[in-house]
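In: got a predicted structure plus its sequence, pasted below:
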Amino acid sequence: MNMSKNLRFIVIDDDPLNNTICRLTIKKALGEVDVITFTDPTEGLEFVGNEYENGHERFPAVLFLDINMPVMNGWEFLERFETFSEKAKEYIKLFIVSSSVDSKDVERASVNKNVIRYLPKPVTKEIISALV
């Protein structure tokens, strides 16, 4: 069974170039899969809230979240994400994707129950294949 056909990727990173690279890498690894990118984390959070919190969407999603962003950083995004229902959070597998090599960031991600793993940028085809 090809699970990637019923899987959505949501990429939230303020760098449009990184989002493009991420989209291409995901599609190279998995073929035709739904990839939605946001450079504004508040829009990304709103989308996740509308699609998952309000019960419209039932496809699981892999969410790649950058940490260092203006307007709302990844940690602030996670604080808001925490307020979503457990039902909504069940559908979203959240990964921090960052170029930060700060051990405090890695540690902070590892203790957040909503974060599955901390992934270094750039995400590779091999990493994506291993996630699915």
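Out: Thanks, I have it. Numbers count the residues shown, from 1 in each chain.
In: tell me the buried residues in the longest helix along the chain?
Out: Using DSSP state H, we find that the single longest helix of the chain is helix 16-30. Residues of helix 16-30 classed as buried by neighbour count (16 or more other CB atoms under 10 Å): 18-19, 21-23, 25-26, 29-30. Where C-beta positions appear, they are placed from N, C-alpha and C, glycine not excepted.
In: repeat that for stretch 108-118.
Out: 108-109, 112, 114-116, 118.
In: of all those, which two lie farthest apart?
Out: The most widely separated members of those, counting by CB to CB, are 108 and 116 (14.1 Å).
In: okay, and residue 118 sits in which element?
Out: In this assignment (DSSP states H and E), residue 118 forms part of strand 115-120.
In: now do that strand: everything it contacts.
Out: Applying CB atoms under 8 Å, 6 or more residues apart in numbering, the contact partners of strand 115-120 are 64, 78, 93-99, 101, 105-106, 109-110, 127.
In: report the buried members of those.
Out: Buried, going by 16+ other CB under 10 Å: 64, 78, 93-98, 105, 109, 127, out of those.
In: give me the beta-bridge partners of the nearest residue to residue 34 once chain neighbours are set aside?
Out: Nearest residue to residue 34 in three dimensions, chain neighbours excluded: residue 8, at 4.3 Å (CB to CB, 6 or more residues apart in numbering). With DSSP bridges as the criterion, the beta-bridge partners of residue 8 are residue 34, residue 61.
In: what about residue 8, how many neighbours?
Out: 18 (other CB atoms under 10 Å).
In: which secondary structure elements does the longest helix of the chain sit against?
Out: Where contact means 3 or more CB pairs under 8 Å, 6 or more residues apart in numbering; DSSP states H and E, helix 16-30 is packed against strand 8-12, strand 34-38, helix 125-131.
In: most packed of these?
Out: strand 8-12 (a mean of 23; mean count of other CB atoms under 10 Å).
In: that strand - contacts with which helices or strands?
Out: Applying 3+ CB pairs under 8 Å, 6+ apart, we find strand 8-12 packed against helix 16-30, strand 34-38, helix 41-48, strand 61-65.
In: just to be sure, residue 109 is in a helix?
Out: Yes - using DSSP: H, G, I helix; E, B strand; the rest coil, the assignment for residue 109 is a helix.
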